[in-house]
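1. Provided below are the primary sequence and the corresponding predicted coordinates.
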Amino acid sequence: MATPILSVRDLHTQFFTDDGVVQAVDGVSFDLFPGETLGIVGESGCGKSMTALSIMRLVPEPGRITTGEVRFRGEDLLKKSPEEMREIRGRDIAMIFQDPQSSLNPVLQTGYQVEEAMLVHDKVPKEKAAERTIALLKQVRIPAAERRVKDFPHQLSGGMRQRAMIAMGLSNTPALLIADEPTTALDVTVQAQILELLEDLNREIDTSIVMITHNLGVVAGLCTRVIVMYAGRIVEEGPVERIFDNPQHPYTWALLRSIPRIDASRHERLRSIEGLPPDLIRPPRGCRFHPRCPFRVERCFTDDPVLEDVGPEQRAACWVTMKRAYEEMGARELVDVSPGSASGVHSAAKDG
Amino acid sequence: MAEPARRLEPAGTAAEPLVRVENLVKHFGAGLLTSVKAVDGVSFEIREGETLGLVGESGCGKSTLGRLITQLIPATSGTVSFGDVELTKLRGEKLRQQRRQLQMIFQDPYGSLDPRMTVGDIIAEPLDNYGIVRGRARATRIQELLRVVGLNPYFNNRYPHEFSGGQRQRIGIARALALNPRLIVCDEAISALDVSIQAQVINLLEDLQREFELTYLFIAHDLSVVRHISDRVMVMYLGKIVEIADSAEIYESPKHPYTKALLSAIPVPDPKIQRNRRLVELSGEIPSPINPPSGCRFHTRCPIARVPGICADTEPPLEMKAPDHVAACHFSDEVALVTAPAE
Ligand SMILES: Nc1ncnc2c1ncn2[C@@H]1O[C@H](COP(=O)(O)OP(=O)(O)OP(=O)(O)O)[C@@H](O)[C@H]1O
Ligand SMILES: Nc1ncnc2c1ncn2[C@@H]1O[C@H](COP(=O)(O)OP(=O)(O)OP(=O)(O)O)[C@@H](O)[C@H]1O
Ligand code: SF4
Ligand SMILES: [Mg+2]
Ligand SMILES: [Mg+2]
């Protein structure tokens, strides 16, 4: 078995606020193998970006990585000095940020910024940088790139800014690329071209990719393995086909059935997961999903489930799992996904 | 007294235009003698109570059009009317009073929220601007709005940087709803949300629409979402409108080759299908709005263009191709024959 290029172990990242401690990342562990494309999906606010920023050691104040390990090529990044991290960032590990302000300075010309990103690591000779910048902007399909390099970020459309950030991320051909929602502002044709570009990078120079996205179509097309997060934790992981065809965690299942179908009629109401997202300062006891889970049983209110094998290379953290929900609780016929709505074995268990 | 005395008739409003846009143009200066033709002569209506979806290639002018309609930026030429008021003529206080009815949810959830304000103040800012509610009622309204968009009501004292991308987007939605506007321009308003919260927000937007007769201009890249929420869909390409039709109709029988290409590229959330799919790639570089192609602006990438010929020479007019279905293509009859390369 190959050794992973990235290996995250029991990562905890917390925010120390006046209201209390926000457990943004709460014991996340996973491996990424060379050349692999890993998708991370999950509810808005569940800790995906903070997991990525923790790997980059860029967690903002008042946040802190409290425990854990982030091994990159065998070395723990959490033990590196700030200088060593600056070297690694951008050169070996690049990140495309969800927040354009973390990478694009509003008062500097876009092209200059892409060039700078390249020159920090002198992988590219200075006289080649301008030329390469234009080539990169063309690669990400920015029209009239020669002129656009002079534009300030606010003169670009939302999708052009996003593509400029992608160009920056690719500029040093990193060994590991973390892309946080890189295609939200792109139309489907440009998106398809960008995804192809990432696939080429992945195929030709073996870049490993962590792809954080809400677009499950993108996950389906690009990723080989998927991690599903909920409330700061991984609740399910497995090969992409297994996750889409045979999800075992009720959250994954409920998420997938919320996808609007292109053939659905106009007046059909969309399905969603009932209830509010969990409070990460005072997360629910037991399984964190239990207040919203249609299949919960008594045990879910009190005991915290851990990731266990539920199929080939597939693991889920659930006391019930969908196999049982299908067999015993009529999951297939369930229309309404409200808390405790399944005709479960112990669905009588009282609410909170 | 230019203040409108008349309101739109409530009866039979379904087909009444709420917004009428005529020959609207926005050019941004780009160096000496050149300009970015972001919106380049568009005319259309938004009907009262409808949701008009707006889709198109990144950079084609959608956000600019949204900003023009909500009067956030001045037009280079052309008019925008709201009911029977011509907004593009108004200035000062009169414009301010009208603008209350027009809200925009911005595309970038990071740049559009003032980092020094608490979430409560951000949401209440429009209310404060118009001096609408104070004290206890203000606090109650903030909490109500937070709950409506699925955020914890006690988040009101936090600052934007304490929120994730999707949470910030919902703050922007709450702010747009605060004044009970009549038109909301939703610019990629749900793109940073997971599909379940997306569904929740869409259901909410639809409920609000029914309850308050809201009208939406809904800009989005996710075509399944657009199809679900829109009554009609408008497609833009490089500063121009190329097609407008009823939403079911446009998905079933597009009359412009660009629309067809766009529809064929929708990613399918199924790994078995998506992996092996051959996309209809639009050949050629994306042209620049600084120097748009002659004739039909799509002719440099169009699979059925006659070049040299009419497509490169003459701009096709936006004309009726079927009932309530307009498109700008010289050969719209052939669009149905355009197919993806063999699977
Ligand atoms: N500065 C901060 N102070 C307090 N809490 C914070 C801060 N920054 C982030 N959080 C919280 O940490 C949690 C995780 O945030 P994160 O940005 O990782 O979410 P995400 O999964 O990326 O969501 P999205 O899909 O919406 O981008 C969120 O619940 C958020 O409210
Ligand atoms: N303030 C500005 N100054 C100069 N050019 C601008 C300005 N705002 C927008 N543009 C240009 O106008 C064109 C249209 O931009 P707009 O933001 O409307 O596109 P869009 O359709 O919303 O794209 P996206 O889907 O990527 O958000 C682009 O070429 C953009 O660079
Ligand atoms: S007018 Fe010609 S170039 Fe334009 S879309 Fe139609 S066929 Fe293509
Ligand atoms: Mg995020
Ligand atoms: Mg835009």
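-> Perfect, thanks for sending it. Ligands and ions are numbered 1, 2, ... in the order given.
2. And the helices in chain A?
-> A:48-55, A:82-88, A:110-119, A:126-139, A:145-148, A:158-170, A:188-204, A:216-222, A:240-245, A:250-256, A:321-329 (DSSP state H).
3. Format those helices as a markdown table; extra columns: mean neighbour count.
-> In this view, the C-beta of every residue, glycine as well, is placed from N, C-alpha and C. Below are those laid out as a markdown table (neighbours: other CB atoms under 10 Å in any protein chain shown):
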| stretch | mean neighbour count |
| --- | --- |
| helix A:48-55 | 25 |
| helix A:82-88 | 13 |
| helix A:110-119 | 21 |
| helix A:126-139 | 16 |
| helix A:145-148 | 18 |
| helix A:158-170 | 26 |
| helix A:188-204 | 18 |
| helix A:216-222 | 25 |
| helix A:240-245 | 20 |
| helix A:250-256 | 24 |
| helix A:321-329 | 18 |
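4. what residues are up against the residue in the stretch 151-300 of chain A that ligand 5 sits nearest to?
-> The nearest approach of the stretch 151-300 of chain A to ligand 5 comes at residue A:158, 4.0 Å away (CB to the ion). Residues counted as contacts of residue A:158 (CB atoms under 8 Å, 6 or more residues apart in numbering or on different chains) are A:185, B:58, B:63, B:107, B:108, B:188.
5. In chain A, where is pLDDT below threshold?
-> A:1, A:263-267, A:343-352 (pLDDT under 70).
6. Quick one: name the residues of it near ligand 1.
-> Counting by CB under 6 Å from any ligand atom, the residues of chain A close to ligand 1 are A:15, A:17, A:22, A:24, A:44-50, A:60, A:63, A:98, A:280.
7. Give me the secondary structure label for residue B:139.
-> helix (DSSP: H, G, I helix; E, B strand; the rest coil).
8. same deal with residue B:111?
-> coil.
9. Burial check on it, number of neighbours?
-> Residue B:111 is surrounded by 18 other residues when neighbours are defined as other CB atoms under 10 Å in any protein chain shown.
10. Can you read off the pLDDT for it?
-> We have a pLDDT of 78 for residue B:111.
11. who's in contact with it?
-> Contacts of residue B:111 (CB under 8 Å, 6+ apart): A:100, A:101.
12. if you skip the residues just before and after it, what's nearest to residue 30?
-> With no chain named, the answer covers chain A. Spatial nearest neighbour of residue A:30, excluding adjacent residues (CB to CB, 6 or more residues apart in numbering or on different chains): residue A:8 at 5.4 Å.
13. Chain B was what I was after
-> Excluding its sequence neighbours, the residue lying closest to residue B:30 (CB to CB, 6+ apart) is residue B:36, at 5.0 Å.
14. what does residue A:57 give?
-> Using CB to CB, 6+ apart, the nearest residue to residue A:57 is residue A:85, at 5.1 Å.
15. How about residue A:69?
-> Per CB to CB, 6+ apart, closest to residue A:69 is residue A:9, 4.2 Å.
16. what sits against the residue most central in space within chain B?
-> The centroid of chain B falls nearest to residue B:219 when counting by CA atoms, centre = their mean (3.0 Å). Applying CB under 8 Å, 6+ apart, we find residue B:219 in contact with B:53, B:54, B:55, B:62, B:63, B:66, B:107, B:185, B:186, B:187, B:188.
17. Could you name the specific helix or strand carrying residue B:42?
-> Using DSSP states H and E, the element containing residue B:42 is strand B:35-47.
18. by contact count, what packs against that strand?
-> With contacts taken as 3 or more CB pairs under 8 Å, 6 or more residues apart in numbering or on different chains; DSSP states H and E, strand B:35-47 sits against strand B:17-29, helix B:62-69, strand B:215-219, strand B:232-237, strand B:240-246.
19. partners of the fourth one, with directions?
-> For strand B:232-237, sheet partners with direction are given as strand B:51-56 (parallel), strand B:240-246 (antiparallel), following DSSP bridges.
20. send the alpha carbons of that strand over as CSV?
-> The C-alpha coordinates for strand B:232-237 follow below in CSV (Å, rounded to 0.1, in the frame of the first residue of the first chain):
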residue,chain,number,x,y,z
ARG,B,232,-39.2,32.3,-17.1
VAL,B,233,-35.5,32.1,-17.9
MET,B,234,-33.4,34.7,-19.7
VAL,B,235,-30.0,33.8,-21.2
MET,B,236,-27.3,36.3,-21.7
TYR,B,237,-24.1,36.1,-23.8
